[in-house]
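Chemist: Predicted model, plus sequence, below.
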Amino acid sequence: MKKQFFELGRDGFWGTYYENPEKTDAVMIGLFGDDSNSYMAKCGAKWCHRQGLNVLAMSPGKKDYSHVNYPLDRVETAIQWLKEHGNHKFAIMGMSTVGMQALAAAAYIPDITLTFGLTASDFVWQGFEKGKKDGCGEWPVPGASTLSWRGEPLPYMPFVYQHPQYWQKIQEETKDSGDFERSTVIFRDSEAAREHTEEEMIPIERIHGRLILIGADDDGLWEAGKYVRRMEQRLKERPHECVYDAVAYEHGTHFVLPESMLRIALPVGLKFVLRFVFKAAKEYPNECEATRKDIDRRLSEAIREWK
């Protein structure tokens, strides 16, 4: 694939542009993880190419797994470059933490007119870092948000557990769970400790164009199904700019990516691998596969209609 790399100091954002060999003026801003040139980012770009899109994969940095006051302005800067290089329609997609980021970016940047929020929360969280610290693999950053806009951190839900108890709680929940990692206790207890403020909720009613929200009730990292239903209720109660689908599947795990995208990454043995990562994928392999196939259909149809 033809690629062009962007660096923060030189270009104002970190990313990799995967130009579609077939001429198109529509682009997907792909938040495929924490490295815009990773194997998963390349697989996501191939999937988007099959949908007839150019792709700009974005990440905080090179193999940067932390989420601390990430400036959504960088997405705006990237869109300006994309406009100057033949793109006129802008979509964004993200899963997990960057699913939340995708929703927030679309709420603040009206140029984005197709948004896929996969296992996204409906609120902004406290910022956190990954790595190694005092025997912990992840820890919340005091006083920091995950996201910022115009130089100011966005209001966020603080985690009720701080370092090192935060990681200890994740380890306790993960032990003997059958999942590679479980962190629902972190989010459930943090929500129970205090009511959300309106300021920390993502104003999804400001999103333009087409919006698809996807989650599963057996998500082991956080309560994605609950968040999807809560966002659907928010849109029912508020005037909004978008046409939306909000889908909470009974089975699907945290990994609610399109089946054909995952098949690009792992052509053989996908179900076998997933059962070692998620307990639900082991107990309900066919149901989880059906979910991924339905997601594939929904997202592909939305792209065709939008283009």
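Modeler: Right, received. Where do you want to start? Numbering: from 1, shown residues only.

Chemist: Could you use CA atoms for every contact and neighbour count after this?
Modeler: Fine.

Chemist: Show the residue spans covered by the helices in the stretch 101-250 of the chain.
Modeler: Using DSSP state H, counting those that start in this stretch, the helices of the stretch 101-250 of the chain run over residues 165-174, 184-193, 224-237.

Chemist: Worst mean pLDDT across the helices and strands of the chain, which element?
Modeler: helix 270-277 (a mean of 91; mean pLDDT, DSSP states H and E).

Chemist: May I see the helices of the stretch 101-250 of the chain organised as a markdown table, with distance to Cys136 and mean neighbour count added?
Modeler: Shown next, in a markdown table, are these (distance: least, C-alpha to C-alpha, whole Å; neighbours: other C-alpha atoms under 10 Å):
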| stretch | distance to Cys136 | mean neighbour count |
| --- | --- | --- |
| helix 165-174 | 6 | 17 |
| helix 184-193 | 15 | 16 |
| helix 224-237 | 25 | 18 |
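
Chemist: Mind putting the ones you listed into CSV with distance to Gly30?
Modeler: Below are those laid out as CSV (distance: least, C-alpha to C-alpha, whole Å):
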stretch, distance to Gly30
helix 165-174, 28
helix 184-193, 25
helix 224-237, 20
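
Chemist: Quick one: list the elements packing against the least confident helix or strand of the chain.
Modeler: Here helix 270-277 touches helix 279-283, helix 285-306, going by 3 or more C-alpha pairs under 8 Å, 6 or more residues apart in numbering; DSSP states H and E.

Chemist: list the contacts for Met40?
Modeler: Met40 is in contact with Phe32, Gly33, Ala265, counting by C-alpha atoms under 8 Å, 6 or more residues apart in numbering.

Chemist: pretty sure the last one is in contact with Lys46, am I right?
Modeler: No. Ala265 is beyond contact range of Lys46, at 9.7 Å (criterion: C-alpha atoms under 8 Å).

Chemist: which of the two has more neighbours?
Modeler: The residue with more neighbours, out of Ala265 and Lys46, is Lys46; 21 against 17, by other C-alpha atoms under 10 Å.

Chemist: distance of the more buried one from Phe5?
Modeler: Counting by C-alpha to C-alpha, to the nearest Å, the separation of Lys46 from Phe5 is 17 Å.

Chemist: picking that back up, nearest to Gly225, out of the helices and strands packed on helix 270-277?
Modeler: Nearest to Gly225, of all these, is helix 285-306, at 13.2 Å by C-alpha to C-alpha.

Chemist: Name the residues that touch the closest one?
Modeler: Under C-alpha under 8 Å, 6+ apart, the answer for helix 285-306 is 51, 114, 116, 210, 212, 214, 249, 251-253, 256-260, 271, 275, 280-281.

Chemist: Go through those and flag which are in strands.
Modeler: Counting by DSSP state E, the part of these found in strands is Leu114, Phe116, Arg210, Ile212, Ile214, Tyr249.

Chemist: In this structure the second one contacts Leu213, no?
Modeler: In this case it means Phe116. Yes. Phe116 lies in contact with Leu213 (C-alpha under 8 Å); the separation is 6.2 Å.

Chemist: Now the common contact residues for the two.
Modeler: Common contacts of Phe116 and Leu213 (C-alpha under 8 Å, 6+ apart): none found.

Chemist: for the nearest residue to Thr97 once chain neighbours are set aside, what are its contacts?
Modeler: The shortest distance from Thr97 to any non-neighbouring residue, by C-alpha to C-alpha, 6 or more residues apart in numbering, is to Ala120 (6.6 Å). Neighbouring residues of Ala120 by C-alpha under 8 Å, 6+ apart: 95-100, 103, 213-215, 224, 227-228.

Chemist: how close does Ala120 sit to Glu287?
Modeler: 21 Å.

Chemist: State the phi and psi torsions of Thr119.
Modeler: As for Thr119, its main-chain torsions (degrees, to the nearest 10) stand at phi 50, psi 40.

Chemist: Can you report how many residues neighbour the closest residue to it other than its chain neighbours?
Modeler: Nearest residue to Thr119, sequence neighbours excluded (C-alpha to C-alpha, 6+ apart): Gly215, at 4.6 Å. Residues lying near Gly215 (other C-alpha under 10 Å) number 32.
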